[in-house]
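[1] got a predicted structure here, sequence first:
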Amino acid sequence: MTLERMKRWQKIVLCILCVTALTVLANYLLQRFWAHRDGQFVPDYPRVELTENSDYDTIFLQTGLGRPAVDKLLADGNFQAILDAQDLFFNPPKGECTALLGWFTREDMLETPGPFLADIQPGDILITLSTHTIGWRHGHAGIAVEPDTTLECAAWGADSACFPAQEWTDYTNYAVLRLKDSPPETGQKVADYGLSTLLGVPYHLTSGFIGPKAPDPEAWQFGLHCSYLVWYAYQHFGYDLDSDGGRLVSTYDLIHSDLVEVVQIYGMDPRQFLKEEG
């Protein structure tokens, strides 16, 4: 090899190393700082004393509990749970950024056990924005198939499976959503369909992009990712939860759907949900 050719190869190798180093540094900065620029929400407004006669909006701002959860707790004579939720909302446990796929994909998890799930019914939608990749908070979603069990498509290389619902309280933020103005039977039908048709399906990041948006489950290309699983289960019964109608179904599309209402949020700003409803 000539000296000139060797120098050219040295420059190429040096360029590759520089690009790799810059890529790694950019990913680190995005994951470490950009993804956490908002952080876990803690109320920046005054805490007020709650009573059983406090209105729904006040309770929601103070606890993250929506009307369905408040009605359930009051009907059970468990007003103390509302006060406990207020304590957790204003004084959340500390979180830490943990590895899911190295520095490429990470999750913000609580260092100690998190808040309780006030009311989970089959068909309820669970969402967190704690998961982030290269600085983008795409989050994660699942659907309750039993009060203590969720159906999720969690990661590349893994088929959709059932997980304990309580694990959602380990995230630094989460939301529980429910189809508006619908009887419990509707949620149960969605949950049953999920278990019978969407359990054990391969993870496909491009679900909905190739061919029809909602292909037949028997189609060769059928696969799921987390938020697409939720959308697919509901669209089977005529409910399109994709708020922007695009090919990609994201956690944000589900959160902003006009067809759902908040049962409970934690680590999220309740004012954005009140603004949307208003």
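    Everything's here; your move.
[2] for residue 271, give its distance to residue 41.
    With distances taken as Cβ to Cβ, to the nearest Å, residue 271 is found 10 Å from residue 41. For glycine as for every other residue, the C-beta is placed from the backbone atoms N, C-alpha and C.
[3] quickly find the element holding residue 162.
    strand 161-164 (DSSP states H and E).
[4] and the helix or strand hosting residue 186, what's buried?
    Per DSSP H and E, residue 186 falls inside helix 184-197. Neighbour counts over helix 184-197 (16 or more other Cβ atoms under 10 Å) mark 186-187, 189-191, 193-195 as buried.
[5] now swap in stretch 225-241 and tell me
    So, applying 16+ other Cβ under 10 Å, buried residues of stretch 225-241: 225-236, 239, 241.
[6] likewise for stretch 168-177?
    Buried residues in stretch 168-177 (16+ other Cβ under 10 Å): 168, 170-177.
[7] about what we covered before: please identify which of the buried residues of helix 184-197 is nearest to residue 52.
    residue 187 (27.2 Å; Cβ to Cβ).
[8] pLDDT wise, what is the closest one at?
    Among the per-residue scores, residue 187 shows a pLDDT of 96.
[9] go on, residue 1?
    Residue 1 is given a pLDDT of 59.
[10] what about residue 181, neighbour count?
    8 (other Cβ atoms under 10 Å).
[11] does it count as helix, strand or coil?
    coil (DSSP: H, G, I helix; E, B strand; the rest coil).
[12] and it, how far from residue 76?
    Here residue 181 is placed at a distance of 22 Å from residue 76 (Cβ to Cβ).
[13] hmm, back to that, and the buried residues of stretch 225-241 as JSON lines, adding pLDDT?
    Output for the buried residues of stretch 225-241, formatted as JSON lines (pLDDT from 0 to 100):
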{"residue": "225", "pLDDT": "93"}
{"residue": "226", "pLDDT": "94"}
{"residue": "227", "pLDDT": "96"}
{"residue": "228", "pLDDT": "96"}
{"residue": "229", "pLDDT": "97"}
{"residue": "230", "pLDDT": "98"}
{"residue": "231", "pLDDT": "97"}
{"residue": "232", "pLDDT": "96"}
{"residue": "233", "pLDDT": "97"}
{"residue": "234", "pLDDT": "98"}
{"residue": "235", "pLDDT": "96"}
{"residue": "236", "pLDDT": "96"}
{"residue": "239", "pLDDT": "97"}
{"residue": "241", "pLDDT": "97"}
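[14] for those residues, give me JSON lines that also has secondary structure and distance to residue 248.
    As requested, these are exported to JSON lines (DSSP: H, G, I helix; E, B strand; the rest coil; distance: Cβ to Cβ, whole Å):
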{"residue": "225", "secondary structure": "coil", "distance to residue 248": "10"}
{"residue": "226", "secondary structure": "helix", "distance to residue 248": "12"}
{"residue": "227", "secondary structure": "helix", "distance to residue 248": "9"}
{"residue": "228", "secondary structure": "helix", "distance to residue 248": "9"}
{"residue": "229", "secondary structure": "helix", "distance to residue 248": "14"}
{"residue": "230", "secondary structure": "helix", "distance to residue 248": "13"}
{"residue": "231", "secondary structure": "helix", "distance to residue 248": "10"}
{"residue": "232", "secondary structure": "helix", "distance to residue 248": "13"}
{"residue": "233", "secondary structure": "helix", "distance to residue 248": "17"}
{"residue": "234", "secondary structure": "helix", "distance to residue 248": "16"}
{"residue": "235", "secondary structure": "helix", "distance to residue 248": "14"}
{"residue": "236", "secondary structure": "coil", "distance to residue 248": "19"}
{"residue": "239", "secondary structure": "coil", "distance to residue 248": "18"}
{"residue": "241", "secondary structure": "coil", "distance to residue 248": "13"}
